[in-house]
Every structure is written in C-alpha cells, then in structure tokens.
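# build me a model from this:
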Amino acid sequence: MTNQPPPTIPACLITCLSQARKPTDAELKQMAQKIWEDLFGARDGRSWSEASRQSPEKSYVYQMAAAALMGSILFEPGSSVSQVN
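Okay, here's the model as predicted:
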C-alpha cells in the first residue's frame with residue numbers, strides 16, 4: 001500500500017501544508033490548474049491552456065490556489081509567487 005493522496009487532492013497541497021512552506025511557481029500553477037479543471041473543465045470543457053493569461057477567471061483561480069497553498073492571498077494576480085516576501 002502506497003502513501004499517495006487521493007486523486008482529488010493535489011500532491012502539492014499536501015506537500016506545502018505538511019512542510020509549512022510557500023509553494024514553488026510550479027506548485028502554484030499545478031494547484032491553479034486543478035482548481036480550474038474542477039470549476040470549469042467539467043462544466044463547460046474549457047481547458048487551462050485555452051484561457052487567456054490575463055483573463056479575470058485565471059487571476060481568481062491563481063488567488064484561490066494561493067489561498068489553498070499558503071492560507072492567504074499574498075501576491076498580486078499575475079505576479080510570481082517567488083516575488084512574495
């Protein structure tokens with residue numbers, strides 16, 4: 001038996017919370033993509049790659065991902081998580 005998270009919980013979420021650290025840019029994107037798929041993918045089939053980088057929806061999803069991984073929104077939409085102090 002392996003110690004894998006359920007497929008509904010991204011590994012980056014467990015890793016960041018268990019290590020009490022900020023996510024990498026890749027982890028933030030992974031969490032945002034998972035949220036996007038849950039919100040929009042099943043409903044209307046829009047993929048993450050189809051959405052404009054500057055779309056309001058993508059900004060909101062990145063904020064949700066940051067809140068999930070860090071417990072708060074600590075950055076401006078469109079900025080890199082590595083720029084967070």
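
# switch to C-alpha atoms for all contacts and neighbour counts from now on
Fine.

# where are the low-confidence patches of the chain?
For the chain, the stretches with pLDDT under 70 are 1-7, 42-43, 72-85.

# quick one: the helices in it, in order.
11-19, 25-36, 42-44, 56-70 (DSSP state H).

# buried ones in the last one?
It stands for helix 56-70. Lys58, Ser59, Val61, Tyr62, Gln63, Met64, Ala65, Ala66, Ala68, Leu69, Met70 (16 or more other Cα atoms under 10 Å).

# could you tell me which residues make contact with Lys58?
Counting by Cα atoms under 8 Å, 6 or more residues apart in numbering, Lys58 touches Trp36, Ala51, Ser52.

# next, the second one: phi, psi?
Taking degrees, to the nearest 10, you get phi -80, psi 140 for the backbone angles of Ala51.

# now do it against Ala68, distance only.
From Ala51 across to Ala68, the span is 21 Å (Cα to Cα, to the nearest Å).

# try the first one
Between Trp36 and Ala68 the distance is 13 Å, computed by Cα to Cα.

# and Gly41, by the same measure?
19 Å.

# list the contacts of the closest residue to Leu13 other than its chain neighbours.
Spatially, and ignoring its direct neighbours in sequence, Leu13 is nearest to Leu69 (5.7 Å; Cα to Cα, 6 or more residues apart in numbering). Going by Cα under 8 Å, 6+ apart, Leu69 touches Cys12, Leu13, Cys16, Leu17, Lys22, Pro23, Leu28, Met31.
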